[in-house]
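> return atomic coordinates for the entry below.
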Amino acid sequence: LGIGPRLSHLIRPTVSIRQIATLNHSKMSYSNQLWSPSPRRALLAKVAFGTGVLFWSSASLYVLSSAERRHKAFLLFNAAKRAAISGHAVVRIAWDYKLTHFKYPEDHPERKAAFSLAHERAADRLLHLAQRQGGVYIKCGQIVHALYLFMPPEYVRAMTPLFTEAPSAPFSEVEEIWQEEFQCHPSDMFQSFDRKPVASASLGQVHRATALDGREMAVKVQFRALKDNAPADIVTVVALVEFMAWLFPDFEFRWLSKEFEKNLPSELNFHLEGLNAERVRKLFAHVPRIKVPKIYWDYSTSHVLCMEFVPDLIQSNDVAKLDSHHIDKSEVAKMITDVFSAMMFEHGYVHADPHPGNIMIRPIGEQGNFQMVLLDHGLYREMSETFRESYTLLWYSMVMRDEPGIRKAAHAIGIDSYTVLTAMMMAQSWDSIRNSRPGSLHEDDLETMQVRALQFLHEINLVLGHVDQQILLLFKTNDQLRSLYHELG
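Numbers count the residues shown, from 1 in each chain. As a prediction, this is how the structure comes out:
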């Protein structure tokens, strides 16, 4: 029919067998070239294989090992994870400051505003880091807030929530700690034990409970995570401060990390806190208006502290509640001054964390009478007799405007820059101190003090970096008391 040639044309292959073979050979050559073991690919393959072997070996060892070894492995992994999170935050802060420094040199008109914004971003990152990590990091933020005269105001404002929004742990964690410490349930030792805490702080929370014999108690329980995380967290914080000091030579806050590293382990030991409370209770036993709750040692360990429950307490800076009970705020400030002056100048044994939540006011009757209740005795500074005498002489000389006496006392505690030291302690410029009349204790307003302190921050940090370690906590104590006095008016 004449269609054969046309069909044969349609079905005839357009590529020959030889061409197909040649094409397949070229593809195979390309494939072999793609997957040929070059040195880099061989190294990557070995790393991938080694990582897989290490992972599965570690997983197998973890599953097959004892509970104690599994716990140690978990702690090591968790410490590395927490350190990585903290390091990431600090590197971002450092990078932000470096960019700001290069973008806005010393003579740039917007440099001050740019660095203020950088401070805000850095402080916000540190706040979120503290809230995420908890424990040690919250304590760091609280210390930054307490040293408000030596810190940029952006940091001080940012850290405020760490006092007002302290975390709390679920009651199941309290039960777990109780089992570890006493090998029983709280209900085995108490008639009642409130599941919801009445107060919470950076290191633990407080529950109200009634013992089997009817005694009302405040039970302070340390956060479970602190027992595992605190040692590694302290090392991480100190290392990160050292990193910032290396990266920014003008960053001179290593004195703060050293003091933090020294003091925090003592704060984590509730047994030491109980001993501090007992000692202060005896020192002020002759003053009825000063109360330190009694410690119940049979219910206490290094992670649990039981003390006398004191009801109807008002935080010492709660001006509205003080007014509602007709309590004279100036009388409260005077009592606080008397107590801490006795600690510093007479006993040489000082409560070093006097924020408003640790100095409580208890109304008595309807006539404005009150009792001052001291809480949280985890951090104290004990002075040597020689240092106490020099410190007392320093304050006396400053109040009397005796410059030779100031110089002598400052030298005795290891400070040559006595003018900077005096300005720091009295919250005034040296000129205003020298020109004021003896006996005057006038202070500048808070904003003026902060501005002046930031202007001389380099000189202040040089003093703090070389000062006798006994005085560092006293600076913090003085700053917290000064802030409280301003709130009381």
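> quick one, phi psi at the closest residue to Ser300 other than its chain neighbours?
Of all residues not flanking Ser300 in the chain, Cys306 sits nearest, at 5.2 Å (C-beta to C-beta, 6 or more residues apart in numbering). In this view, the C-beta of every residue, glycine as well, is placed from N, C-alpha and C. Backbone torsions for Cys306, taken as degrees, to the nearest 10, come to phi -110, psi 130.
> how about the contacts made by Cys306?
Residues in contact with Cys306, defined by C-beta atoms under 8 Å, 6 or more residues apart in numbering, are 209, 217-220, 295-296, 299-300.
> okay, now the unreliable bits of the stretch 1-150 of the chain?
Applying pLDDT under 70 to the stretch 1-150 of the chain picks out residues 1-68, 71.
> what segments of it are helices?
4-11, 17-34, 39-64, 67-103, 111-133, 136-146 (DSSP state H, counting those that start in this stretch).
> show the pLDDT at the residue nearest to Ser300.
With respect to pLDDT, Cys306 scores 97.
> ok, what's across the strand from it?
Val219 (DSSP bridges).
> and it, how far is that from Met217?
Counting by C-beta to C-beta, to the nearest Å, the gap from Cys306 to Met217 is 5 Å.
> shared neighbours, these two?
Counting by C-beta under 8 Å, 6+ apart, the contacts common to Cys306 and Met217 are 209, 296, 299.
> the most centrally placed residue in the chain and Ala89, how far apart?
Geometric centre of the chain, nearest residue: Cys140, 1.7 Å, by C-alpha atoms, centre = their mean. Remark: distance between Cys140 and Ala89 (C-beta to C-beta) = 12 Å.
> repeat for Lys81
For Lys81 relative to Ala89 (C-beta to C-beta), the value is 13 Å.
> try Arg279
From Arg279 to Ala89 the distance is 39 Å (C-beta to C-beta).
> rewinding a little: surely the residue nearest to the centre of the chain is in contact with Asn263?
No - applying C-beta atoms under 8 Å, one finds Cys140 not in contact with Asn263, separated by 11.8 Å.
> His377: how many residues sit nearby?
Here the count is done by other C-beta atoms under 10 Å, and His377 has 27 residues near it.
> am I right that it sits in a helix?
No - counting by DSSP: H, G, I helix; E, B strand; the rest coil, His377 is not part of a helix but coil.
> what sits against it?
His377 touches 273-274, 276-277, 280, 292, 351, counting by C-beta under 8 Å, 6+ apart.
> I'd like these as TSV, with neighbour count and secondary structure appended.
Listed next are the contacts of His377 as TSV, based on neighbours: other C-beta atoms under 10 Å; DSSP: H, G, I helix; E, B strand; the rest coil:
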residue	neighbour count	secondary structure
Glu273	24	helix
Gly274	22	helix
Asn276	21	helix
Ala277	23	helix
Val280	21	helix
Val292	24	coil
His351	26	strand
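> now for the residues you listed, which pair is the farthest apart?
Within the contacts of His377, two members stand farthest from each other by C-beta to C-beta: Gly274 and His351, at 14.3 Å.
> re the thing from before, Arg279 and Ala89: who's more crowded?
Taking neighbours as other C-beta under 10 Å, Arg279 and Ala89 compare with Ala89 leading, 20 against 15.
> where's the residue nearest to that one when sequence neighbours are not counted relative to Ala84, distance?
Leaving aside its sequence neighbours, Ala89 sits nearest to Leu129 (C-beta to C-beta, 6+ apart; 4.6 Å). Leu129 sits 12 Å away from Ala84, going by C-beta to C-beta.
> higher neighbour count, these two?
Ranked by neighbour count (other C-beta under 10 Å), Leu129 and Ala84 place Leu129 first, with 19 against 11.
> quick one: contacts for that one?
Counting by C-beta under 8 Å, 6+ apart, Leu129 has contacts 85-86, 89, 137.
> if we go to 10 Å?
85-86, 88-90, 93, 137-138, 140-141 (C-beta atoms under 10 Å, 6 or more residues apart in numbering).
> make a markdown table out of those residues and add distance to Pro153.
Shown next, in a markdown table, are those (distance: C-beta to C-beta, whole Å):
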| residue | distance to Pro153 |
| --- | --- |
| Ile85 | 27 |
| Ser86 | 24 |
| His88 | 26 |
| Ala89 | 21 |
| Val90 | 21 |
| Ile93 | 17 |
| Tyr137 | 21 |
| Ile138 | 20 |
| Cys140 | 18 |
| Gly141 | 15 |
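> tell me which two of these sit farthest apart.
His88 and Ile138 (18.6 Å).
> neighbour count winner among these two?
Neighbours were counted for His88 and for Ile138 using other C-beta under 10 Å; Ile138 has more, 25 against 12.
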